[in-house]
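just to be clear, the model below is a prediction. Sequence and coordinates:
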Amino acid sequence: MNAHALVLAAGAGSRFGGSKLTSDFRGRPLIHWALDAASKTKVETITVVVGAPDDPLIDAISAFAEPRVTIVRCADSWRGQSASLKCGLRSLPADASAAIIFLGDMPLVSRSLAQQLLDAVLAGSAAALPSCRGLPAHPVAFARDLFEQICAIEGDRGARALLERVPGRLHVQTTDPGSTFDVDNGDDVLTASSEGNACGGRWTS
């Protein structure tokens, strides 16, 4: 089966103050954590969707040195997450059978959870969606049959709402706090610790 990973990295990071994905998180650029998670899954390619030209971000992605990584620029990323998602999906090979979506500002997602979700889709589930104690979690995976529907989404939202309604979806429960933790502002970088409250969305030291 021909599975592919998308890493969405086109956000402006305005609440962070800019340059979020190249900021240091535990000794490496924040974007490297999502790339590392994607690289640990059994995918053919890892496509990173970026927005406006940002040489530091491009340099950071290139420095990850993973041959499966390619970069796609989304000219209308200002329209929101759906635009980035569509750019990424449309860049995948015609024979792609599944996609798994990582967010560039979620550094602590479980590699084993990601592969579990992808395996479920490759085994026949239309989509695989994790939840952590009632909270929507990441990453998410879905089959090619849904690509066209997802590409019809508009605005600053991802595919979750659509995927929650499709027949044949699989819900996966997890207690891994990394599945809900995202870096939104500088405080999240400063306070994230190796021990977190399960599924709290924000970790505190």
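Arrived safely, thanks for sending.

buried ones in stretch 79-87?
80, 81, 82, 83, 84, 85, 86, 87 (16 or more other Cβ atoms under 10 Å). Backbone N, C-alpha and C define where each C-beta goes, glycine included.

likewise for stretch 177-184?
177, 178, 179, 180, 181, 182, 183.

need the worst-confidence member of the buried residues of stretch 79-87.
Within the buried residues of stretch 79-87, residue 80 has the lowest pLDDT, namely 86.

for that one, give me its contacts.
The contact partners of residue 80, by Cβ atoms under 8 Å, 6 or more residues apart in numbering, come to 155, 156, 157.

tell me which of the buried residues of stretch 177-184 is nearest to residue 163?
residue 179 (15.4 Å; Cβ to Cβ).

show me what contacts the closest one?
With contact set as Cβ under 8 Å, 6+ apart, residue 179 has these partners: 109, 110, 113, 130, 132, 137, 138, 199.

where does the third one sit, in terms of helix or strand?
The one in question is residue 113. Of the helices and strands defined by DSSP states H and E, residue 113 is found in helix 111-122.

now that helix: average pLDDT?
Mean predicted confidence for helix 111-122 is 97.

so which elements touch that helix?
strand 3-9, helix 30-39, strand 98-103, strand 127-132, strand 140-143, strand 169-173 (3 or more Cβ pairs under 8 Å, 6 or more residues apart in numbering; DSSP states H and E).

list the buried residues in that helix.
Neighbour count says helix 111-122 has 113, 114, 115, 116, 117, 118, 119, 120, 121, 122 buried, by 16+ other Cβ under 10 Å.

just how off-centre is that helix within its chain?
Chain-centre distance of helix 111-122: 13 Å, with Cα atoms, centre = their mean, to the nearest Å.

before we move on, what about stretch 97-110?
Using Cα atoms, centre = their mean, the offset of stretch 97-110 from its chain centre is 3 Å.
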